[in-house]
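J.: The following comprises the amino acid sequence and a computationally predicted model.
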Amino acid sequence: MARGLLYALAGAAIGAVAARTAYTAFTRLAPRAEEKEPGRWTRTNHRGEPITLLEGPAFVAGSGAAAALAPGLPPRVRLAALLAGVGSGALGAYDDLYGTTKSKGFKGHLTALGRGEVTSGAVKILGIGATGLGAAALVSRGPVDTLVNGAAIAGTANLANLFDLRPGRAIKVGLLTGGPLLAASLFRDAPLTAALTAVPLGAAAALLPDDLGERAMLGDAGANALGALLGLAAVTKLGRRGRFVLLGTVAALTAASEKVSFTKVIAGNPVLNRLDMLGRRPVDTA
């Protein structure tokens with residue numbers, strides 16, 4: 001347990017410092033970039049206020065640095081973390097910059113693809129599927145495990161992005177799901193999973209104040225990377241039955257999101273709503 005705790009603390013610390021450093025650097029350079037391409041990294045939030053998307057690239061940079069430098073990760077696992085996190089983050093950034101709202105969700109993008117229209121969302125879905133399989137191949141035994149683990153990694157990457165609709169929500173979901181995984185890894189002396197889990201949690205926690213303060217948002221880049229890294233950590237810890245349960249849960253929630261608004265469900269549940277509003281600005285009822 002002591003070794004796992006050491007690895008986890010190191011991974012979280014490197015991720016946090018690297019993410020904050022990257023965010024500071026990116027936001028300082030942003031005014032120059034905006035002069036050339038106004039609004040490239042700016043979006044309008046749910047209040048109608050401008051907000052920067054640079055939190056996402058900062059998370060990808062921070063978690064990527066931690067995956068590369070954190071102790072306790074064998075080379076294949078380290079490469080899997082970089083492929084899952086940086087790969088899904090880069091594809092998410094592509095969708096952030098070039099995506100449109102014409103097609104939404106899996107169904108919308110795949111329907112468009114069936115008509116011969118290649119949307120940025122379809123590129124992201126297929127690309128994250130490929131990076132998920134690539135990462136899974138580095139940590140799995142046999143083709144069945146690779147397919148299950150790859151689908152779980154890609155699915156968690158997409159699912160995390162579905163929660164990035166209100167300040168801090170995606171990070172809170174990441175912390176609430178990753179925290180028990182980290183605790184279980186420490187308790188059961190699984191230092192590799194502890195290190196893998198701590199990497200994205202540290203980077204996400206360091207960026208949470210700006211997310212809650214509505215100064216920045218993860219966007220597809222950050223949310224996809226956060227979900228992919230937590231999915232990778234989960235498949236290294238869970239047995240085959242647990243991984244099938246994980247994949248089924250992710251698939252069910254993703255399918256539900258096509259019909260049900262997570263925001264409305266959360267707002268309608270007192271406990272979930274309180275967690276969702278924790279640390280946020282009050283809702284404007286005017």
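T.: It's in.

J.: low-confidence ranges in the stretch 101-250 of the chain?
T.: 101-118 (pLDDT under 70).

J.: which residues of it fall in helices?
T.: Remark: helices assigned in the stretch 101-250 of the chain by DSSP state H, counting those that start in this stretch are 105-114, 120-139, 142-162, 169-187, 191-212, 219-237, 240-257.

J.: so what does the third one touch, helix or strand wise?
T.: Contact analysis of helix 142-162 by 3 or more CB pairs under 8 Å, 6 or more residues apart in numbering; DSSP states H and E lists helix 75-98, helix 120-139, helix 169-187, helix 219-237, helix 240-257 as its packing neighbours. C-beta: built from backbone N, CA, C; applies to glycine.

J.: Pull out the buried positions in the first one.
T.: It refers to helix 75-98. 77-96 (16 or more other CB atoms under 10 Å).

J.: Please save the CA atoms from that helix in CSV.
T.: What follows is helix 75-98, C-alpha atoms only, in CSV (Å, rounded to 0.1, in the frame of the first residue of the first chain):
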residue,chain,number,x,y,z
PRO,A,75,6.6,1.2,-20.5
ARG,A,76,3.6,-0.4,-22.2
VAL,A,77,1.2,1.0,-19.7
ARG,A,78,2.8,4.4,-19.9
LEU,A,79,2.4,4.3,-23.7
ALA,A,80,-1.2,3.2,-23.4
ALA,A,81,-1.9,6.2,-21.1
LEU,A,82,-0.3,8.6,-23.6
LEU,A,83,-2.2,7.1,-26.5
ALA,A,84,-5.6,7.1,-24.7
GLY,A,85,-5.2,10.6,-23.1
VAL,A,86,-3.4,12.6,-25.7
GLY,A,87,-5.0,10.7,-28.6
SER,A,88,-8.6,11.3,-27.4
GLY,A,89,-7.7,14.8,-26.3
ALA,A,90,-6.3,15.7,-29.8
LEU,A,91,-9.4,14.3,-31.5
GLY,A,92,-11.6,16.2,-29.0
ALA,A,93,-9.7,19.4,-29.8
TYR,A,94,-10.3,18.9,-33.5
ASP,A,95,-14.1,18.7,-32.8
ASP,A,96,-13.9,21.7,-30.5
LEU,A,97,-12.3,23.8,-33.3
TYR,A,98,-14.1,22.5,-36.3
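
J.: In a strand, residue 43, correct?
T.: Yes. Residue 43 sits within a strand when classified using DSSP: H, G, I helix; E, B strand; the rest coil.

J.: ok, it to residue 247 distance?
T.: Noted for residue 43: a distance of 31 Å to residue 247, by CB to CB, to the nearest Å.
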